[in-house]
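Asks: Whatever this is, show me its structure:
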Amino acid sequence: MRDIRLLVLDVDGTLTDGKIYMGERGEVCKAFSIKDGLGLRLLADSGVTLAILTGRESQIVRNRAAELNIDHVIQNIQNKPEALRRLCQELSIPLEETGFMGDDLIDLPAMELCGLTVCPCDAAREVKARADFVSDLPGGAGAARQFAECYLDERGLWAPLAARRFGVKL
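Replies: Predicted coordinates for the structure are as follows:
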């Protein structure tokens, strides 16, 4: 896999199972995988900047991003390629050194700009066909964790980072 300095993540269908629970007043809840969170934290520990880029607006997403120390949260975006370009320019990170994890057609134009593309196994077939890494796991069920683990393990970083953060020897 190509080295990256930035990983941009879609939310619904990528960090969640794609279900949106709605009540009378709007969105009520989303389910996130704790395993994804651990993998993303270790990826950040390795020096990869994390960002969220999503088409919906949600306080729930802001809360989850805060838990994971993800500072770059861009919501309510319909033109993901434009937002991605602005983010990369703001962070001075070239698109070639950026990874994008998405699951559906709205993500494809942004994914195709990046040096590394990732998706869960239940992504749209067009997304899977263009992804460099297709997780064995569905969105919201550890797909981001599996990518992080494989990416870091390939660089010999998974075990040392886990040992430093959690005091475990792998």
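
Asks: Show the contacting residues for His155.
Replies: Check again: residue 155 is Arg, not His. Residues in contact with Arg155 (Cβ atoms under 8 Å, 6 or more residues apart in numbering) are Ser46. For glycine as for every other residue, the C-beta is placed from the backbone atoms N, C-alpha and C.

Asks: Can you give me the distance of it to Val134?
Replies: Using Cβ to Cβ, to the nearest Å, Arg155 is found at 20 Å from Val134.

Asks: Without its sequence neighbours, what residue ends up closest to Glu57?
Replies: Nearest non-adjacent residue to Glu57, counting by Cβ to Cβ, 6 or more residues apart in numbering: Asn76, 4.1 Å away.

Asks: With Glu67 instead?
Replies: That would be Gly37: by Cβ to Cβ, 6+ apart, it lies 7.0 Å from Glu67.

Asks: Partner strands of the helix or strand of the chain with the lowest mean pLDDT, with direction?
Replies: Counting by mean pLDDT, DSSP states H and E, the chain has its least confident helix or strand at strand 26-29, which shows a mean of 76. The pairing partners recorded for strand 26-29 under DSSP bridges are strand 21-23 (antiparallel).

Asks: what is the rounded mean pLDDT of the partner strand?
Replies: For strand 21-23, mean pLDDT is 84.

Asks: i'd like the first residue to be 48 from this point on
Replies: Will do, 48 is the new start, and the previous item becomes strand 68-70.

Asks: and Ile99, which of the three is it?
Replies: The three-state label given to Ile99 by DSSP: H, G, I helix; E, B strand; the rest coil is strand.

Asks: Please name the bridge partners of it.
Replies: Leu56, Val120.

Asks: Surely Leu54 is within a strand?
Replies: Yes: the assignment for Leu54 by three-state DSSP puts it in a strand.

Asks: Leaving out sequence neighbours, find the closest residue to it.
Replies: Gly146 (4.5 Å).

Asks: Could you do Leu160 as well?
Replies: Leu142 (4.9 Å).

Asks: returning to what we had before: phi and psi next, for the residue nearest to Leu54.
Replies: Dihedral angles of Gly146 (phi, psi; degrees, to the nearest 10) stand at phi -110, psi 150.

Asks: List the contacts of the residue nearest to Glu104.
Replies: Thr101, Gly102, Arg103, Glu104.
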